[in-house]
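# sharing a model that was predicted from the sequence below.
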Amino acid sequence: MKKIGKFLSSMGFAVTLLVVLAAACALSSLVEQGLTQEMYAARYGEGTASLIMALQVNDAYHSIWFIALSGFLCLNLILCSVIRFPFFRRRYRAEKDFAGALETDGNLGERETGDPESVFGALHMGTPEKHTTKDGREALIAGKNAAGIWGAWICHLGILLLIAGFALGQMTLKENTVWGIPGETKELPETGLTVTIDDFRTETREDGSVDQYVTEITVTDPVSGKTEKASVSVNHPASFGGFTLYQNNTGAAALATVERDGQEIQRKTLLPQGTMAESVLGLEDQPEYAFYFAGIRTMREEGAEDRTLYFYDLYRNGTLQQDYYFLGDGTIDVGGDQVTFSPRTFTLLVARQDRFAPLALVGGVITMIGLLMAFCLQPKTLWTIRGENGKWILRGRCRKGQALMAEAIEEAVKTAGTHRTKKGNG
Amino acid sequence: MQNAENILFTITMIGYFGAMALYFLFVVLKKEQLARAAGILQGAALILHTAALVLRGIAAGRLPMTNQYEFATCFAWALCLVSLIFIRKYRFSVLGVFAMPIIFIIMGYAAMQSRDIKPLMPALQSGWLAFHVSTAIIAYGSFGVSAALSAIFLMRGKLKENGFLDQHIPTENKLDLIAYRSVCLGLLFLTLTIITGAIWAERAWGSYWSWDPKETWSLVTWIIYAVYLHLRLRRGWKGKAAAIFAVIGFVCVIFTYIGVNTFLPGIHSYA
């Protein structure tokens, strides 16, 4: 059991997992996600398509093997954070233990100086503390950046929180879409809210390019009767009852109205080439008839403005009777009913609730703090001990970059006007 | 104003080419003055490059970091700046021999892109744009310098017979350490890039992580450098192996930057 624990918390296991995860991510990014086996077969051939489906590469980032790899990485992070905590604490205490440091040779070599204060000053070590060695010699010692010891540990903790936040967010995520044209009111599934699209506009610049898509909405809570108005645009979402609404998409739609004797008896907004629910208008009083919004096509002619054609197919008992196309509004007579199609622009809003996104954000920030501490706070200790000849013997230690630190000490000693006695080991 | 920017861009390219040639001549002719001249020319070209970017920023009314041309020229600018800092800080002119060709190639790539100034699409109209892209530029620049340093490390053994070069190249220990520091800087900024990008994506698209190819490859790059650090710190895996890893990491950076846009279209297609 101990052996298993040691293996699961080892760095070798962590590195192996990271390499496998990186390779898995890289390979999965080369295969378009979320297609059907037929689509993969058309692209890569039957054999490869079967392999893709069998290995769940079609949805790699939600596959069992990817989740298992991520789970093992979390386990490794938890174990190594717990197991290594006492190690980091010991290391930190050792770094702060000046009395202990004075009894060692350090790892930056040994030099002599007559002016220790200026050496400490030149190396930005602050004001040294006065100490006495075990054999009673006078000593000066200063240390800095001991907190840097915790950098790696904090970084790992941050990554763990980030993965946990992401995983929990994915498991509890609530995401729904609502689309429509101005004037429509739709229910937002799972939220208990209704959304009325008051207005939708595409703001353009002088050159015709799109500046912003803006949807004005009214959100109503039918239970409390509370209503709230908001404007949703790209990069400017709006929040209601724990849900955030994002401006996600827009495109062509058609408003279909059915009239009999001048009275409107049916109304529906259709999307081109969508699902049955989105694109089909079944006539309620003549159920054998149905219209399908077959698509739009833009006609371009030199010297003329672009024109958009709207195509509608009429079915009777599931059999195509006739196809129609219009430049703008068009009316079709079906058994005495007037069916009018009017082009509109729909807006699509996405409502999301990810309760664990703040946890992932905190994890990201902690990771960043950990990295900053690990990279920017290099623990260093510098000390001088009064020698028998009255000169000060200068020693020091640092955990990384000994070569550069030794060079800096060399420079500081030279500036202080003394000479070197023994070269550093960096 | 765009004309002035184009002229400055062209002069900058000539300046970078001149600096590259001088660095090469410095190595071939073994004359210190050539390294000094190369450094001055690189610095002067960097100033002109900065002026070109400022002019473009003024003309566009925003930070010039939103399309392939702008990102490439900013990437070259950051690489030039970071390499110049390292050359000055560590008195290490030979770095120019390795960094300048990378800078010149990236400038060449920028020159092949459209330089039209286009207004921002709605998704890009965010205050996060400046943070996200500028941190990416610094990260990529730092990884570029670490790759150049690692290439020097790998060639150092062969250059030992050349006494002149041996004098002008830091010791293997020091080279390894500077490359490591450059990777640390790059990883720090890449982490910031990913975090700022996630916050922005949450605002713009409603999801802070969508496994878009650009996001995925940024994560792959982050993992590669994280593995590099783990192997260095815990296994003492320094020197040649680390240098090879840093070069591989930079290949991954280049793929994330250019390859993903070319071969793997996604929601970052404009980047």
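That came through fine.

# which stretches in the chain count as helices?
Since no chain was named, I'll use chain A. Using DSSP state H, the helices found in chain A span residues A:2-8, A:11-30, A:37-44, A:46-54, A:64-96, A:98-102, A:116-122, A:151-172, A:276-279, A:357-376, A:402-415.

# try chain B instead
Under DSSP H, chain B gives helices at B:2-29, B:32-60, B:68-89, B:94-111, B:128-159, B:163-168, B:172-204, B:213-235, B:240-254, B:260-263.

# can you give me the buried ones in the shortest one?
With burial defined by 16 or more other C-beta atoms under 10 Å in any protein chain shown, the residues of helix B:260-263 counted as buried are B:260-261. To be clear about C-beta, it is placed using only N, CA and C from the backbone, and glycine gets the same treatment.

# so how far is it off the chain centroid?
Put simply, helix B:260-263 sits 18 Å off its chain's centre (C-alpha atoms, centre = their mean, to the nearest Å).

# quick one: mean pLDDT for that helix?
Across helix B:260-263, the average pLDDT comes to 82.

# thinking again about what came up before, in a markdown table, list the helices of chain A along with distance to chain B and mean pLDDT.
Formatted as a markdown table, the helices of chain A follow (distance: least, C-beta to the nearest C-beta, whole Å; pLDDT from 0 to 100):
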| stretch | distance to chain B | mean pLDDT |
| --- | --- | --- |
| helix A:2-8 | 14 | 84 |
| helix A:11-30 | 4 | 93 |
| helix A:37-44 | 14 | 91 |
| helix A:46-54 | 16 | 92 |
| helix A:64-96 | 10 | 93 |
| helix A:98-102 | 22 | 92 |
| helix A:116-122 | 17 | 89 |
| helix A:151-172 | 7 | 95 |
| helix A:276-279 | 21 | 91 |
| helix A:357-376 | 4 | 95 |
| helix A:402-415 | 5 | 86 |
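
# reformat those helices as a markdown table; add mean neighbour count.
As requested, the helices of chain A are exported to a markdown table (neighbours: other C-beta atoms under 10 Å in any protein chain shown):
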| stretch | mean neighbour count |
| --- | --- |
| helix A:2-8 | 10 |
| helix A:11-30 | 17 |
| helix A:37-44 | 14 |
| helix A:46-54 | 14 |
| helix A:64-96 | 15 |
| helix A:98-102 | 16 |
| helix A:116-122 | 20 |
| helix A:151-172 | 19 |
| helix A:276-279 | 14 |
| helix A:357-376 | 19 |
| helix A:402-415 | 19 |
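
# make CSV from these and add distance to B:P64 to it.
As requested, the helices of chain A are exported to CSV (distance: least, C-beta to C-beta, whole Å):
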stretch, distance to B:P64
helix A:2-8, 48
helix A:11-30, 28
helix A:37-44, 38
helix A:46-54, 41
helix A:64-96, 38
helix A:98-102, 51
helix A:116-122, 41
helix A:151-172, 32
helix A:276-279, 41
helix A:357-376, 26
helix A:402-415, 35
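
# show me the one of those helices that comes nearest B:F263.
helix A:11-30 (8.1 Å; C-beta to C-beta).

# hmm, back to that, worst average pLDDT in the helices of chain B?
Among the helices of chain B, helix B:163-168 scores lowest, with a mean of 74.

# would you turn the helices of chain B into CSV with distance to chain A?
What follows is the helices of chain B, written out as CSV (distance: least, C-beta to the nearest C-beta, whole Å):
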stretch, distance to chain A
helix B:2-29, 15
helix B:32-60, 13
helix B:68-89, 10
helix B:94-111, 16
helix B:128-159, 9
helix B:163-168, 16
helix B:172-204, 4
helix B:213-235, 4
helix B:240-254, 9
helix B:260-263, 8
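
# of these, which is nearest A:G5?
Across the helices of chain B, A:G5 has its closest neighbour in helix B:213-235 (17.9 Å, C-beta to C-beta).

# which residues touch B:I138?
B:78, B:82, B:185-186, B:189 (C-beta atoms under 8 Å, 6 or more residues apart in numbering or on different chains).

# buried ones among those residues?
With burial judged by 16+ other C-beta under 10 Å, the buried subset of those is B:78, B:82, B:185-186, B:189.

# got CSV for the residues you listed, with distance to A:T227 too?
CSV is the format used below for the buried ones among the contacts of B:I138 (distance: C-beta to C-beta, whole Å):
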residue, distance to A:T227
B:A78, 50
B:V82, 55
B:L185, 52
B:G186, 50
B:F189, 46
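
# ok, so of these, who is nearest A:G109?
The closest of the buried ones among the contacts of B:I138, once distances to A:G109 are taken by C-beta to C-beta, is B:L185, at 27.1 Å.

# I'd guessed the closest one sits against A:L372; true?
No - B:L185 lies out of contact with A:L372 (C-beta atoms under 8 Å); the separation is 11.2 Å.

# of the helices of chain A, which is nearest B:V133?
Taking C-beta to C-beta, helix A:357-376 is the member of those nearest to B:V133, at 17.5 Å.

# relative orientation of that closest one and helix B:213-235 in degrees?
On the basis of axes from the mean of the first three to the mean of the last three C-alpha atoms, to 10 degrees, helix A:357-376 is oriented at 40 degrees to helix B:213-235.

# and helix A:357-376, what does it pack onto?
Helices and strands touching helix A:357-376, as assessed by 3 or more C-beta pairs under 8 Å, 6 or more residues apart in numbering or on different chains; DSSP states H and E, comprise helix A:151-172, helix B:172-204.

# turn those into TSV, including distance to B:S210.
Listed next are these as TSV, based on distance: least, C-beta to C-beta, whole Å:
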stretch	distance to B:S210
helix A:151-172	12
helix B:172-204	7
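
# what's the closest of these to A:A122?
Between those, helix B:172-204 lies closest to A:A122; by C-beta to C-beta that is 20.1 Å.

# now the end-to-end length of stretch A:369-387.
The first residue of stretch A:369-387 is 42 Å away from its last residue (C-alpha to C-alpha, to the nearest Å).

# now it: how far from the chain's centre is it?
With C-alpha atoms, centre = their mean, you get 33 Å for stretch A:369-387.

# against B:A111, how distant is B:K118?
18 Å (C-beta to C-beta, to the nearest Å).

# equivalent analysis for A:V334, please.
Counting by C-beta to C-beta - A:V334 and B:A111 are separated by 61 Å.

# who's more crowded, the two?
A direct count of neighbours by other C-beta atoms under 10 Å in any protein chain shown for A:V334 and B:A111 places A:V334 higher, at 18 against 14.

# so what's the more buried one closest to, chain neighbours aside?
A:Y289 (5.4 Å; C-beta to C-beta, 6 or more residues apart in numbering or on different chains).

# and whichever residue of the stretch 1-150 of chain B sits closest to chain A, how many neighbours?
Nearest residue of the stretch 1-150 of chain B to chain A: B:P122, at 3.7 Å (C-beta to the nearest C-beta). Counted with other C-beta under 10 Å, the neighbours of B:P122 add up to 19.

# and it, what does it touch?
Taking C-beta under 8 Å, 6+ apart as the criterion, B:P122 is in contact with A:210-213, A:233-235.

# same deal with A:F240?
Per C-beta under 8 Å, 6+ apart, neighbours of A:F240: A:191, A:193, A:219, A:228, A:230.

# farthest-apart pair in these, please.
Largest pairwise distance in the contacts of A:F240, by C-beta to C-beta, is 14.3 Å, between A:T191 and A:A230.

# right, I'll leave it there.
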